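K.L.:
sharing a sequence plus its predicted fold:
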Amino acid sequence: MPTKAKDTTADNGPIVPAEEDYSMVTSAPDEWEFETVAEESGIKVVFENVGDVFVGQYIGVEHIEPENGKDEPFDLLTFRGRDQRLYSVNTSYKLSRAMEKVTAGDWVRITYVKAIATGRAEPLKDYRVEVKK
């Protein structure tokens, strides 16, 4: 990230080092501790094929209000995987109802069980939601 600074010695301005040291803005002393107050967005889980399964520790529902003013607000179910990464699953009526019975911290297995024809272009995805005992 260091870049060459302008040499201002000819016009009697301040002496600027040839390379700037950005370590003061990119690192902290080893004894400092940090607490995460916001995390990156989760990896989107997409159930494409009947039989697809996702297992994760339930965090909660994240309500999204699109800032463009055109798209409708929506909810995402958020999880932490066994790999400690964040994941998100789009809600559906069935998933929303099932997750009402799940407590944050519970380990959940979601299985795409079948596609139900509705007369629309896209079939309704039916899921089984299980909680670790």
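P.N.:
That came in fine, so what should we check first?

K.L.:
got a pLDDT number for the closest residue to K94 other than its chain neighbours?
P.N.:
Excluding its sequence neighbours, the residue lying closest to K94 (Cβ to Cβ, 6 or more residues apart in numbering) is Y127, at 5.7 Å. Placement of C-beta: from N, CA and C, glycine included. Note for Y127: predicted pLDDT of 96.

K.L.:
Y127: what secondary structure?
P.N.:
Judged by DSSP: H, G, I helix; E, B strand; the rest coil, the three-state class of Y127 is strand.

K.L.:
now do the contacts for it.
P.N.:
Counting by Cβ atoms under 8 Å, 6 or more residues apart in numbering, Y127 touches F47, S92, K94, L95, A98, I110, T111, Y112, V113.

K.L.:
and the fourth one, how many residues sit next to it?
P.N.:
Meaning L95. 18 (other Cβ atoms under 10 Å).

K.L.:
what does the average pLDDT come to for whichever strand or helix holds K94?
P.N.:
Assigned by DSSP states H and E, K94 falls within helix 93-99. On average, the pLDDT along helix 93-99 is 92.

K.L.:
make 4 the starting number, not 1.
P.N.:
All right, first residue 4 from here; so that's helix 96-102.

K.L.:
put the alpha carbons of that helix into PDB.
P.N.:
Taking Å, rounded to 0.1, in the frame of the first residue of the first chain, the C-alpha atoms of helix 96-102 are listed here in PDB:
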ATOM      1  CA  TYR A  96     -43.500 -19.400   4.500                       C
ATOM      2  CA  LYS A  97     -42.600 -23.000   5.500                       C
ATOM      3  CA  LEU A  98     -39.100 -22.100   6.700                       C
ATOM      4  CA  SER A  99     -40.300 -19.000   8.600                       C
ATOM      5  CA  ARG A 100     -42.900 -21.000  10.400                       C
ATOM      6  CA  ALA A 101     -40.500 -23.800  11.200                       C
ATOM      7  CA  MET A 102     -37.800 -21.500  12.500                       C
END
